[in-house]
Structure formats: structure tokens, C-alpha cells
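Colleague: I would like the atomic coordinates for the input below:
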Amino acid sequence: MTEENENPDEAASETTKKKVAAPPSDKIAVVLRNVGNAPILQKQKYNVDKNKTVKWMSNWIKGKLKLKEDEQVILYIAQHFAPPLDQHVGNLFDCFGTNDKLVVQYATQPAWG
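Modeller: Numbers count the residues shown, from 1 in each chain. Modelled structure (predicted):
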């Protein structure tokens with residue numbers, strides 16, 4: 001049996017609280033695009049933790065490409081600049097993300113100056 005004296009405003013505010021209480025996701029969608037002679041990855045879209053650094057992502061891509069230890073991977077944002085290695089992926093997403101994803105170009109040799 002339901003209580004008839006229930007205040008509709010209180011019920012609405014409880015519903016609103018439940019919707020607001022959902023925690024934001026700690027992952028962002030990253031789309032990887034090869035540049036120049038860099039090998040193409042089979043899978044190009046990944047969910048990456050916002051707190052990961054560019055250095056971590058560079059090493060991670062290097063592992064995915066199965067490159068040798070002395071080979072390098074250079075990451076680019078917006079097809080023209082290489083972000084600092086200590087930059088967090090979440091910050092790049094906040095500044096340069098479009099359509100709920102961050103597009104990152106990767107190369108094995110310098111592509112843009």
C-alpha cells in the first residue's frame with residue numbers, strides 16, 4: 001500500500017538525485033590514425049583512462065605495433081603538434097576532443113614540424 005500523503009516534489013527530487021548520482025566515466029574514446037609509413041592498427045578505436053600520459057600512450061602504441069626498442073612512435077594532435085610526454089590524455093580530450101572522441105595521429109618518423 002502506498003502512502004497517499006506523499007509530497008510529489010519530494011518524489012521528484014529523489015528521482016533527480018538518482019540521475020545526478022551516476023559517476024562520470026574515467027575513460028575516453030581515442031581514435032588512432034596512422035601517418036606516413038606507420039603501420040595501420042587492426043583496431044583503431046580504444047577506451048583510454050583519462051589519467052594516462054602521452055608517454056604511456058606512445059609506449060602502448062609501440063607495443064601494439066610490435067616495434068623494436070630503438071624505434072620511436074611520435075603522437076600528434078590536430079595533425080600539427082606533438083603534445084608533451086607528461087600531458088594527460090584527459091586534458092588533451094578536454095581541449096581538442098570532438099564528437100566525444102580524441103583523434104590521435106601516430107607516426108614512426110616526424111610528419112609535421
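
Colleague: in a helix, A29, correct?
Modeller: No - applying DSSP: H, G, I helix; E, B strand; the rest coil, one finds A29 to be strand, outside a helix.

Colleague: the closest residue in space to it that isn't next to it in sequence bridge partners, please.
Modeller: Using C-beta to C-beta, 6 or more residues apart in numbering and skipping the chain neighbours, the partner closest in space to A29 is K101 (4.0 Å). Every C-beta, even on glycine, is put in place using the N, C-alpha and C of the backbone. Beta-bridge partners recorded for K101 (DSSP bridges): A29, T98.

Colleague: against Q72, how distant is the residue nearest in space to the middle of the chain?
Modeller: By C-alpha atoms, centre = their mean, the chain has its centre lying nearest to I28, at 3.4 Å. Relative to Q72, I28 is positioned 24 Å away (C-beta to C-beta, to the nearest Å).

Colleague: cool, K27 as well?
Modeller: From K27 to Q72 the distance is 26 Å (C-beta to C-beta).

Colleague: hmm, back to that, and the residue nearest to the centre of the chain, what is it in contact with?
Modeller: N47, V48, K50, V89, G90, F93, G97, K101, L102 (C-beta atoms under 8 Å, 6 or more residues apart in numbering).
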